[in-house]
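Colleague: Show me how the following folds:
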Amino acid sequence: MDVLPPLGLISDKSLPFVLDKKYRRILAQLGKNVRASHSQIARAVGLSRDSVRYRTGILSKEGVLRGSRTVVDVSLLGYQSYHLFLSIKNPDLHIRQGLIDKLVRLSFVRVVLALYGEYDFEIAVIAKTVDELDSHIAEIIEITKDYLRELELLIVSRSLVARSFPLSFSSDEVSLRPSSKKILPDSVDLAILKVIRNDASLSLLEIGKKVKLSHDVVSYRLKKMEKSFIKSYIPVVNYHKLGYATHVLLFSFHTLDRENEAKLERFFKSQESILWAVKTIGSYSVLAYVEIHTTEELQTLIESIRTEFAEQMTRYRSLIASAEYAYTYAPDCIFGN
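Modeller: Below is the predicted model of the structure:
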């Protein structure tokens, strides 16, 4: 998965929600497939359907669950993924919010995150060609030009780690269906995808009403898309509410040959706090997200990476993700808007 799982981060000063084992098992099942019914989850976790319904309601009410997303492999639709890191000259909150309001409306943007550290924003975008990417960057620069200090572009080349939850929470990897073949969506497929892209938990009947199709047709269409570019259905989890701090790590490696790259992937997958990591092309070789409870955990992780790859690492950056203002796997440009 070339884009990290949604973080659901909001500015929330309330106390973390304490999960017991039952809540953890329910969240782990939702991480596998948020479209699973209460009955299916109940059987998997050993609870009654009513108990699962009640507990998922509590998780939503308490702000742990903040919706759901349909994971789309945009590469099968002809797009490449890019991440832009921006630093601005004036950190004034009013200015930042004004920029965010404009950035989230761009049709090619998948993610807008506010950061603390070397950069102020991370923006994930998609484009079909280099010319299209250049146009997208020009639009972003036009929005931010009065305040832009620096812009860093990273090209996502491949996934290293992709999890719904860090290993410290759940050992399950994100379940991504393998692609059997490339299927170009027609107008009906796109209409269905547009409905569920940012609300993956809608029932077949609810989807059918919105696109004016029977639930049988919707079911058939979804199964067809799931064999191609729809990879999974995942929850939006507010990690802040679970007591985690989300850090963005950027690493630069030289001589990252195939042997060292394989070693790096094994190492990252073994680390309990790593949620998601990708290999990138640009000033940095790896982009990773970690979920930690204490700064000591972060320090230990970084020092272990520096020790394990002392001959290859040249530099790194650590940023704090403070809030998530946009997150979708299927931005508007896919639908021709």
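
Colleague: Please enumerate the strands of this protein.
Modeller: Secondary structure of the chain (DSSP state E): strands located at 65-72, 80-88, 109-116, 121-127, 148-162, 230-237, 245-253, 274-282, 286-292, 313-327.

Colleague: Could I get the ones you listed in a markdown table, plus columns for mean neighbour count and mean pLDDT?
Modeller: Bear in mind the C-beta positions are built from the backbone N, C-alpha and C, glycine included. Formatted as a markdown table, the strands of the chain follow (neighbours: other C-beta atoms under 10 Å; pLDDT from 0 to 100):
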| stretch | mean neighbour count | mean pLDDT |
| --- | --- | --- |
| strand 65-72 | 22 | 93 |
| strand 80-88 | 22 | 95 |
| strand 109-116 | 22 | 94 |
| strand 121-127 | 24 | 96 |
| strand 148-162 | 17 | 93 |
| strand 230-237 | 24 | 91 |
| strand 245-253 | 21 | 94 |
| strand 274-282 | 22 | 93 |
| strand 286-292 | 24 | 94 |
| strand 313-327 | 18 | 92 |
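
Colleague: Any chance of these in JSON lines with distance to Y54 as columns?
Modeller: Output for the strands of the chain, formatted as JSON lines (distance: least, C-beta to C-beta, whole Å):
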{"stretch": "strand 65-72", "distance to Y54": "13"}
{"stretch": "strand 80-88", "distance to Y54": "38"}
{"stretch": "strand 109-116", "distance to Y54": "32"}
{"stretch": "strand 121-127", "distance to Y54": "35"}
{"stretch": "strand 148-162", "distance to Y54": "30"}
{"stretch": "strand 230-237", "distance to Y54": "17"}
{"stretch": "strand 245-253", "distance to Y54": "28"}
{"stretch": "strand 274-282", "distance to Y54": "28"}
{"stretch": "strand 286-292", "distance to Y54": "26"}
{"stretch": "strand 313-327", "distance to Y54": "27"}
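
Colleague: which stretch among those comes nearest K210?
Modeller: Set against K210 and scored by C-beta to C-beta, the strands of the chain come closest in strand 65-72, at 14.0 Å.

Colleague: helices or strands next to that closest one in the packing?
Modeller: Secondary-structure packing of strand 65-72 (3 or more C-beta pairs under 8 Å, 6 or more residues apart in numbering; DSSP states H and E): helix 49-61, helix 187-196, strand 230-237.

Colleague: right, and A330 touches V72 too?
Modeller: Yes: using C-beta atoms under 8 Å, A330 is in contact with V72, at 4.7 Å.

Colleague: okay, and the common contacts of those two?
Modeller: 193, 197 (C-beta atoms under 8 Å, 6 or more residues apart in numbering).

Colleague: residues in contact with the residue nearest to L47 when sequence neighbours are not counted?
Modeller: Using C-beta to C-beta, 6 or more residues apart in numbering and skipping residues adjacent in sequence, the residue nearest L47 is K22, 6.3 Å away. By C-beta under 8 Å, 6+ apart, K22 lies in contact with 45, 47, 51, 55.

Colleague: I'd like to know how far K22 sits from S214.
Modeller: K22 is 36 Å from S214, where distance means C-beta to C-beta, to the nearest Å.

Colleague: Equivalent analysis for L27, please.
Modeller: Distance of L27 to S214, computed by C-beta to C-beta: 33 Å.

Colleague: Between the two, which has more neighbouring residues?
Modeller: Neighbour comparison, L27 and S214: the larger count goes to L27, with 23 against 11 (by other C-beta atoms under 10 Å).
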